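Undergrad: test case, fold it:
(one chain, ligands or ions: 3)
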Amino acid sequence: MNPIREALCSRCGRPADTYLRYAKLNLCKEHFLDYILARVEDTVKRYRMIKPKARILAAVSGGKDSSTMLLTLSKLTGKFDFELTALHIDLGIDEYSTEARMIVEKVCRIAGIRYAIIGLEDLLGLSIPKLARRIYRPPCSICGAVKRYLLNLAGVEAGVDMVALGHHLDDLAVYILKNFLLQNLEDIRKLGPKTEGYDGFLVGRIRPLYEVYERDTALYVSFAGIPYQSLECPFHSVGMEDRIRAFLDGMEEDSPGFKIAFARSIARSLSKYPQPRYEVRRCGLCGMPSQSDVCSFCRMMMKVLGKPLGLELRDRVREIVSKL
Ligand code: Q46
Ligand code: ZN
Ligand code: ZN
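TA: Numbering: from 1, shown residues only. Ligands and ions are numbered 1, 2, ... in the order given. Model prediction:
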């Protein structure tokens, strides 16, 4: 009987630790790490994400995705000549947030990146669960809005050029297809590899993992020996996204590389999708982007605290990010 031949790394001939179907490559740990770094480098180049001398603020959650984004970007600062710092928002969701914060601190230290943490309890006196209870809304809908607002505010106050997000290919493909199915075509524009900002009040966003699979982010942190969040957020629930994900996974199974091709063709046709119908204005209370006179964050604060935090909140966030 023939012994089963061990797969060998396509780069060095040593035993392989993983097989990437979409690239038809067997790779050992070391060459897998190199390969993902090269994918991120190619993505940054392909979509012209980073201008020389740019200041980039990476949003880090403690999860495998944003840690992969931070670690790979931290290795590219010299090559693309940019400055990288990180921001974590502590949502105050019991042990989940405690673990996330601890991991973020470790990963930033390992990557040698300066970081700041905005704690919702310290900043607002309210965690996500408390906010959700006070305004009778699902925690995830508030959480998304609060994170977006604070991340942008932190970016503005830190004076960075771009905020880097850890969204990976699998999630982006799901969000894009979901918006297409619901015909929220304007929202597809916001899911590209790079979104430009408006001077002084809306920071542009980049997604360096636009062409990196979720599975590869898990392997990246594990092969690199980097800790990542083990607890799942207690508010995570199964929804329409999971059905779309299963469909896209099936397509990927039949045609390896399908999601990359999908993301690339979306990126090429982004300009054909409609622009938002509303004009981006400044909130009259805090000066941040808004679709009406008062932004949704200030309205939320008025409801919960009886007053908007407006410029007072900006001062506090400015102080937190001043160390970056
Ligand atoms: S949105 Fe919802 Fe997540 Fe916020 S409340 Fe938890 S599951 S953490 S990405
Ligand atoms: Zn190898
Ligand atoms: Zn506002």
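
Undergrad: how about low-confidence regions in the protein?
TA: Applying pLDDT under 70 to the chain flags the ranges 1-4.

Undergrad: flag every residue of it that's near ligand 3.
TA: Cys283, Leu285, Cys286, Cys295, Cys298 (CB under 5 Å from the ion). C-beta coordinates here come from the backbone N, C-alpha and C atoms, glycine included.

Undergrad: excluding chain neighbours, give the residue nearest to the fourth one in space.
TA: Looking back up the chat, that one is Cys295. Excluding the flanking residues, the one nearest Cys295 by CB to CB, 6 or more residues apart in numbering is Cys283, at 3.6 Å.

Undergrad: for Pro227, what are phi and psi?
TA: Dihedral angles of Pro227 (phi, psi; degrees, to the nearest 10) stand at phi -70, psi 150.

Undergrad: what about it, neighbour count?
TA: When counting by other CB atoms under 10 Å, one arrives at 17 neighbours for Pro227.

Undergrad: if we can go back for a sec, need the contact list for the residue nearest to Cys295.
TA: Contacts for Cys283 (CB atoms under 8 Å, 6 or more residues apart in numbering) come out as Pro289, Ser290, Asp293, Val294, Cys295, Phe297, Cys298.

Undergrad: what's the first helix or strand after the helix or strand containing Gly250?
TA: Using DSSP states H and E, Gly250 sits in helix 240-254. Sequence-wise, the next helix or strand downstream of helix 240-254 (DSSP H and E) is helix 258-269.

Undergrad: mind exporting stretch 255-270 as CSV, just the C-alpha atoms?
TA: Output in CSV follows, covering the C-alpha atoms of stretch 255-270 (Å, rounded to 0.1, in the frame of the first residue of the first chain):
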residue,chain,number,x,y,z
SER,A,255,-15.5,27.9,-7.7
PRO,A,256,-12.6,28.7,-5.4
GLY,A,257,-11.7,32.4,-5.6
PHE,A,258,-15.3,33.4,-6.4
LYS,A,259,-15.5,35.9,-3.5
ILE,A,260,-12.3,37.6,-4.6
ALA,A,261,-13.6,38.0,-8.2
PHE,A,262,-17.0,39.3,-6.8
ALA,A,263,-15.3,41.9,-4.6
ARG,A,264,-13.0,43.0,-7.4
SER,A,265,-15.9,43.5,-9.9
ILE,A,266,-17.9,45.4,-7.2
ALA,A,267,-14.9,47.6,-6.6
ARG,A,268,-14.6,48.3,-10.4
SER,A,269,-18.3,49.2,-10.7
LEU,A,270,-18.8,51.2,-7.5
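
Undergrad: what's that stretch in contact with?
TA: By CB under 8 Å, 6+ apart, the residues outside stretch 255-270 that reach it are 21-24, 47, 169-170, 172-173, 176, 188-189, 191-193, 210-211, 213, 248, 251-252.

Undergrad: now list the buried members of these.
TA: Buried members of the contacts of stretch 255-270, counted by 16 or more other CB atoms under 10 Å: 22, 47, 169-170, 172-173, 176, 188-189, 191-193, 210-211, 213, 248, 252.

Undergrad: and the strands in the stretch 151-300 of the chain?
TA: With strands called from DSSP state E, counting those that start in this stretch, the stretch 151-300 of the chain shows them at 162-164, 194-195, 204-206, 281-282, 289-290.

Undergrad: can you count the residues close to Asp315?
TA: For Asp315, the count of nearby residues is 11 (other CB under 10 Å).

Undergrad: measure it to ligand 2 for me?
TA: Going from Asp315 to ligand 2 by CB to the ion, to the nearest Å gives 51 Å.

Undergrad: same thing with Cys286?
TA: In terms of CB to the ion, Cys286 sits 51 Å off from ligand 2.

Undergrad: now do Met251
TA: From Met251 to ligand 2 the distance is 29 Å (CB to the ion).

Undergrad: need the nearest residue in space to the residue of the stretch 101-250 of the chain found nearest ligand 2, chain neighbours excluded.
TA: Across the stretch 101-250 of the chain, no residue is closer to ligand 2 than Phe223, which sits at 11.4 Å (CB to the ion). Once flanking residues are discounted, Phe223 sits nearest to Lys29: 4.3 Å by CB to CB, 6+ apart.

Undergrad: sweet, I'm off.
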